[in-house]
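Novice: got a structure for you, letters missing:
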């Protein structure tokens with residue numbers, strides 16, 4: 001059992017090295033879904049484990065949401081006597 005886990009870690013390290021070789025901003029190749037259980041957990045690289053993208057799109061969504069909350073607050077503030 002520990003031998004297969006060591007192979008998974010070695011494979012994840014190899015994938016991490018390949019992902020580190022790409023230029024910043026290049027697309028990461030799509031990953032296939034694996035079946036994992038608590039007895040056989042997934043071993044992922046930092047890039048594969050990241051949940052989302054960073055940068056301007058995220059900032060735009062956050063600022064847009066803040067502006068919408070401000071508009072809603074103004075509407076409620078002036079509409080309720």
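Specialist: Cool, the structure landed. Since the structure is predicted, the reported quantities are computational estimates derived from the model, not experimental observations. Numbers count the residues shown, from 1 in each chain.
Novice: now do the same contact list for residue 46.
Specialist: Shown in contact with residue 46 (C-beta atoms under 8 Å, 6 or more residues apart in numbering): residue 16. In this view, the C-beta of every residue, glycine as well, is placed from N, C-alpha and C.
Novice: what does the pLDDT read for it?
Specialist: Per-residue pLDDT puts residue 46 at 77.
Novice: ok, the one 4 residues further on next?
Specialist: Residue 50 is assigned a predicted lDDT (pLDDT) of 71.
Novice: what of residue 40?
Specialist: For residue 40, the pLDDT comes out at 73.
Novice: next, it: secondary structure please.
Specialist: coil (DSSP: H, G, I helix; E, B strand; the rest coil).
Novice: ok, it to residue 12 distance?
Specialist: Distance, residue 40 to residue 12, by C-beta to C-beta, to the nearest Å: 14 Å.
Novice: comparing those two, which shows the higher neighbour count?
Specialist: Regarding residue 40 and residue 12, a neighbour count based on other C-beta atoms under 10 Å identifies residue 12 as having more, with 17 against 13.
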